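# After the sequence you'll find the predicted model.
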Amino acid sequence: MHPSAGGWWHLRVPSARPGDDYAFVLDGSGEPLPDPRSLHQPRGVHGPSRVYDHSAFAWSDADWRGRALPGCVVYELHIGTFTREGTFDAAIGRLDHLEDLGADLVQLMPVNAFGGAGHGWGYDGVLWGAVHEPYGGPDGLKRFVDACHRRGLGVLLDVVYNHLGPEGAYLPRFGPYFNGDTAWGPSLNLDGPGSDEVRRYVLDNALGWLRDFHLDGLRLDAVHALHDARARHLLTELSAEVDALAAGLRRPLSLIA
């Protein structure tokens, strides 16, 4: 790969196609590592990343106009325990139950990629842009959101930007993503050297969930652990960018701290 300004490395691979697997080797270590911005981890957090095309999914929610948060009933849902199968597709089969309860918005506990092949709370995620494969991967999440929207249910997602889980936490090897510690793990570098790119990493991830997975909002975990001494706090920046995205999509998008 070739270095460029700002510490980035790049390589154009014209033959790369959706479904191709790839990984990075740092400083000649010989150890293949997943992409920090991976969109698909079919073999878990230690395996290679897979090229994924967001435009390939056939959405049926073109008429969805969103759900504004005020006045709504929010149902918090753990995909791993909501059904015996613990998958997005199985959860679709129980949406009648949520409608009968009177839910307006379904708030998914974190579904980003985390260690292990089973079901977990998701708060120990390490690849923030990939969807946990045992739940159904990125297409499974899209099918779930699409099905919810067909029934008039909005979907929120728990996201964790304050720390990494203990397994598969390769991100700090790629750059100065962390500085200090929280009660759960290393603390995000939001205001030190190299923090411009770290902040962009978070902002792009949040916008990606809302734009590419058609989500209606995000619930940000433990925002008190996002230590940011800059004049403009990350949460202020995120709110402004989400508002701009909502205007472009012409539907409300919510943030819960």
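Thanks, I have the structure now.

# Report the distance from stretch 247-257 to the chain centre.
Centre-to-centre, stretch 247-257 and its host chain are 16 Å apart (C-alpha atoms, centre = their mean, to the nearest Å).

# Name the residues of that stretch that are buried.
Neighbour-count burial for stretch 247-257, counted by 16 or more other C-beta atoms under 10 Å, picks out Arg251, Pro252, Leu253, Ser254, Leu255. In this view, the C-beta of every residue, glycine as well, is placed from N, C-alpha and C.

# just stretch 18-36 next, same as before
Neighbour-count burial for stretch 18-36 flags Phe24, Leu33, Pro34, Asp35, Pro36 (criterion: 16+ other C-beta under 10 Å).

# Return the member of those nearest to His149.
Using C-beta to C-beta, Asp35 comes nearest to His149 of these, at 29.1 Å.

# so what's the backbone phi/psi at the closest one?
phi -70, psi 130 (degrees, to the nearest 10).

# ok, it - contacts?
Tyr22, Ala23, Phe24, Ser49 (C-beta atoms under 8 Å, 6 or more residues apart in numbering).

# and what of Trp59?
By C-beta under 8 Å, 6+ apart, the neighbours of Trp59 are Lys142, Asp146, His214.

# switch the cut-off to 6 Å
Applying C-beta atoms under 6 Å, 6 or more residues apart in numbering, one finds that Trp59 lies in contact with Asp146.

# With secondary structure and distance to Gly168 added, can I get the buried residues of stretch 247-257 in TSV?
Formatted as TSV, the buried residues of stretch 247-257 follow (DSSP: H, G, I helix; E, B strand; the rest coil; distance: C-beta to C-beta, whole Å):
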residue	secondary structure	distance to Gly168
Arg251	coil	34
Pro252	coil	34
Leu253	coil	29
Ser254	strand	30
Leu255	strand	27
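
# Including pLDDT, could those residues go into CSV?
Shown next, in CSV, are the buried residues of stretch 247-257 (pLDDT from 0 to 100):
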residue, pLDDT
Arg251, 97
Pro252, 98
Leu253, 98
Ser254, 98
Leu255, 98
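
# What is the nearest of these to Ser239?
The closest of these, once distances to Ser239 are taken by C-beta to C-beta, is Leu255, at 6.1 Å.

# Contact partners for the closest one?
By C-beta under 6 Å, 6+ apart, the contact set of Leu255 is Leu218, Val242.

# which residues does it bridge with?
Under DSSP bridges, the beta-bridge partners of Leu255 are Leu218.

# any idea how far Arg143 is from it?
For Leu255, the distance to Arg143 equals 25 Å [C-beta to C-beta, to the nearest Å].

# distance of the residue of the chain most remote from its centre from Tyr170?
Each residue of the chain has a distance to the centre, and by C-alpha atoms, centre = their mean the biggest one is for Gly28: 29.5 Å. Counting by C-beta to C-beta, the separation of Gly28 from Tyr170 is 16 Å.

# Need phi/psi at the residue lying closest to Gly194 once chain neighbours are set aside.
Once flanking residues are discounted, Gly194 sits nearest to Pro176: 3.9 Å by C-beta to C-beta, 6 or more residues apart in numbering. The phi/psi pair for Pro176 (degrees, to the nearest 10) reads phi -80, psi 60.

# Lovely, talk soon.
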